[in-house]
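**Q** Everything below, folded, please.
(chains A and B)
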Amino acid sequence: MSPVRVRIAPSPTGAPHVGTAYIALFNYAFAKSQGGQFLLRIEDTDQTRSHPSYETAILEALRWIGLKWDEGPDIGGPFGPYRQSERTEIYRQHAEKLLLKDGAYRCFCSAERLEKMREEQVKRGADPKYDGKCRTLGDAILAKKLKEKAPFVIRLKVPKRGKCTIEDRLRGSVTCEYKDIDDQVLIKSDNFPTYHMANVIDDHLMEITHVIRGEEWLPSTPKHVLLYEFFGWNKPEFIHMPLLLNPDRTKLSKRRNPTSIFYYRDAGFLPEALLNYLGMMGYSRPNGQEKFTVEEMISDFDIGRVALGGSVFDIHKLRWLSGKYIRESYTPEKLAACMAQWRINSEYFSKVMPLMMERMETMGDFMPRCSFFWAGELDYDAEALIPKKHSAEETAKVLQSMIAGLEHEPVWNAAMIEAKAKEMAKIWEWKIRDIVAPLFVAMTGKNVAPPLFQSMELLGPHICRYRFVQAIEKLGGMPKEKLAELEKELEERKAKLNPQPQPKPVEPNPEAATPTEPENRPPDATPPEEPPATV
RNA sequence: GGCCUCAUCGUCUAGCCCGGUUAAGGACACAGGGUUUUCAACCCUGCAACACGGGUUCAAAUCCCGUUGAGGUCACCA
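**A** The predicted structure follows:
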């Protein structure tokens, strides 16, 4: 038996997701319980959404929670590079081989044609699938197109008939028909591979023995299996983990919950508690123990004990666990040291101080007036959020569009946030004061507070984001349908503001591009956190 | 909608693979009580589940089939 090698393969397209940590934990526990290795590989093949800062954040978040990898982009290893954007030549060569083996073909269809094709398919009730137009291009046409340097993608040549059976360690045999599977794009027109291509090649080259990933990948596994077969490679063992869920049992999304690992860090959860909690999602120790360290988990880890139903991520229980750690595993000194590393330190105080000085008369005024800087959750009435002359619903819309506007900003500072607030005031035709008022309450829980934008800068994007979400919840929430409407309305209002037909910001997906991105994007196009590096 | 997956208390789960040992166990939450100057913690008690319908069997939460429900997925995103 070759040594067990597993990997976590996050995509640096947003804030580090708890789902990434969850899958990482189970990969880690599995590997270590088998004396194997755990790798970290960065899947940054989406040039439009990937960003190095997100990569840094992922590594930082995984380290914070206490996971260590044996090979990765930061520490290297014998199977590098561990960043897919640095392996494009490898993928190109393999695509070439695949073409030769008749496992793939070049497709010259334009995005417009594909879009039109799908529209028609949907209209007549068929499944949206590539129609295979370029599958059988004659040599002459092919040569001509190539000579013209026409842009193309490379697609997987999925058999027309037959069945595909994949073996999942937890679920047994899963069978489906090839006819239901699309001719997946393997190499995009920018020459970067898609996930399907890159993950198979890398897993093979990096000698990955077990692919432990989220259940959302199950439907695309046949494509991966096909690739292994075309290449003539041994397949790894597939283990699809249950999903982390919102309270309404849909896939955990940042729209309604804090999904960034950094939220939990900034809100003061203990990392070992978060990791422990993740370890009880879909899993239980054989002895029933609920509070356990990773080492304990590894000591008797049994992947077969993983339960298959999705698990609702219950912050209540997480809080209880965190409290249990504080009480049972910390001394006052140790906790104090921990809190000092967190936000109870002179560095953070010195940032808060300039905002507070003008507003205090005694030092005793300090704490009560700015406790929100350290609070995890705020307590206030929904009423306080709603400015006079505006409704709860309108306020929710404005707050939601603030979230969206703040989403992908590369820098997080007071000036940027203020600019956004002003922009939103213009778009919604609200007085700036009316827009700032609910922001004050949402961010601080009070309507008397230090300067808002600077406070938000200190609070950081993760805490602020969730405070927005909570405020919107208090205002009645923002269901999917409303969100979709809101996106439309926002587009219209923006268009009205700049009548010039601006070619829209730079955003990959037309739909997901809308301001209120979180929701209706397709599966997981949500820019930032969604893609819980399930992989 | 097609395909795939899943289905034990409100939530996380044990039990299911190897049917009987289960009046289905634990934890969170909730309710009540105790302890405590208060709160928290802690202790005790209570509430609360095998989705439904058929089989198989002497016996089914456990095996099989169906129904229903839920979720995932159907991109030049991962």
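
**Q** anything in stretch A:290-297 near RNA strand B?
**A** Yes. For stretch A:290-297, a contact with RNA strand B is found by Cβ under 7 Å from any atom of the strand, at residue A:290. To be clear about C-beta, it is placed using only N, CA and C from the backbone, and glycine gets the same treatment.

**Q** how long is stretch A:292-305 end to end?
**A** 16 Å (Cα to Cα, to the nearest Å).

**Q** buried residues in that stretch?
**A** Neighbour-count burial for stretch A:292-305 flags A:292, A:294, A:297-298, A:301, A:303 (criterion: 16 or more other Cβ atoms under 10 Å).

**Q** Specify which member of those residues is nearest to residue A:105.
**A** Closest to residue A:105 out of those is residue A:303 (37.7 Å), distances taken as Cβ to Cβ.

**Q** Excluding residues flanking it in the chain, which one is nearest the closest one?
**A** Nearest residue to residue A:303, sequence neighbours excluded (Cβ to Cβ, 6 or more residues apart in numbering): residue A:30, at 5.5 Å.

**Q** tell me which element the one you found falls in.
**A** Per DSSP states H and E: residue A:30 is located in helix A:18-33.

**Q** Can you show me the strands along the stretch 201-350 of chain A?
**A** A:210-214, A:237-241, A:244-245, A:311-312 (DSSP state E, counting those that start in this stretch).

**Q** who's in contact with the residue nearest to residue A:303?
**A** A:4, A:6, A:36, A:210, A:212, A:239, A:301, A:303 (Cβ atoms under 8 Å, 6 or more residues apart in numbering).

**Q** Tabulate those residues in TSV, adding columns for distance to residue A:223 and pLDDT.
**A** Formatted as TSV, those follow (distance: Cβ to Cβ, whole Å; pLDDT from 0 to 100):
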residue	distance to residue A:223	pLDDT
A:4	24	96
A:6	20	98
A:36	26	97
A:210	19	98
A:212	18	98
A:239	18	97
A:301	30	97
A:303	24	97
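
**Q** What degree of burial does residue A:170 show, as a neighbour count?
**A** Residue A:170 has 18 neighbours, counted by other Cβ atoms under 10 Å.

**Q** And it, how far from residue A:468?
**A** 37 Å (Cβ to Cβ, to the nearest Å).

**Q** Wait, residue A:237 touches residue A:208, no?
**A** No. Counting by Cβ atoms under 8 Å, residue A:208 is not a contact partner of residue A:237; they are 9.7 Å apart.

**Q** Which one's more surrounded, those two?
**A** The neighbour comparison of residue A:237 against residue A:208 (other Cβ under 10 Å) goes to residue A:208, with 24 against 15.

**Q** Do I have it right that the more buried one meets residue A:7?
**A** Yes. Using Cβ under 8 Å, residue A:208 is in contact with residue A:7, at 5.6 Å.

**Q** which neighbours do those two share?
**A** By Cβ under 8 Å, 6+ apart, the residues touching both residue A:208 and residue A:7 are residue A:39.

**Q** Per-residue pLDDT of the closest residue to residue A:284 other than its chain neighbours, please?
**A** Sequence neighbours aside, residue A:305 is the residue nearest to residue A:284 in space, at 6.6 Å (criterion: Cβ to Cβ, 6+ apart). At residue A:305, the pLDDT value in this model is 96.

**Q** where's residue A:172 relative to residue A:418, distance?
**A** According to Cβ to Cβ, residue A:172 and residue A:418 sit 56 Å apart.

**Q** quick one, which of these two is more surrounded?
**A** A side-by-side neighbour count of residue A:172 and residue A:418, using other Cβ under 10 Å, places residue A:418 first with 18 against 9.

**Q** Which pLDDT value belongs to the residue nearest to residue A:303?
**A** The predicted local distance difference test score for residue A:30 is 98.

**Q** ok, now residue A:140?
**A** Confidence at residue A:140, expressed as pLDDT, is 84.

**Q** do the same with residue A:527
**A** With respect to pLDDT, residue A:527 has a value of 37.

**Q** domain ranges for chain A?
**A** For chain A, automatic domain parsing gives the domain ranges A:5-84+A:244-332, A:87-235, A:359-496.

**Q** SS state for residue A:6?
**A** At residue A:6, secondary structure determined by DSSP: H, G, I helix; E, B strand; the rest coil is strand.

**Q** Spit out the contact partners of it.
**A** Residue A:6 makes contact with A:27-28, A:30-31, A:36-39, A:208-212, according to Cβ under 8 Å, 6+ apart.

**Q** Please identify the one among the residues you listed that lies nearest to residue A:107.
**A** Comparing the contacts of residue A:6 against residue A:107 with Cβ to Cβ places residue A:211 closest, at 27.1 Å.

**Q** Can you tell me how far the closest residue in space to the closest one that isn't next to it in sequence is from residue A:230?
**A** Excluding the flanking residues, the one nearest residue A:211 by Cβ to Cβ, 6+ apart is residue A:236, at 4.8 Å. Look at residue A:236 and residue A:230: by Cβ to Cβ, they are 16 Å apart.

**Q** Next, count neighbours for the residue of the stretch 351-500 of chain A found nearest RNA strand B.
**A** Minimum separation of the stretch 351-500 of chain A from RNA strand B (Cβ to the nearest atom of the strand) falls at residue A:480, amounting to 10.5 Å. Residue A:480 has 12 neighbours, counted by other Cβ under 10 Å.
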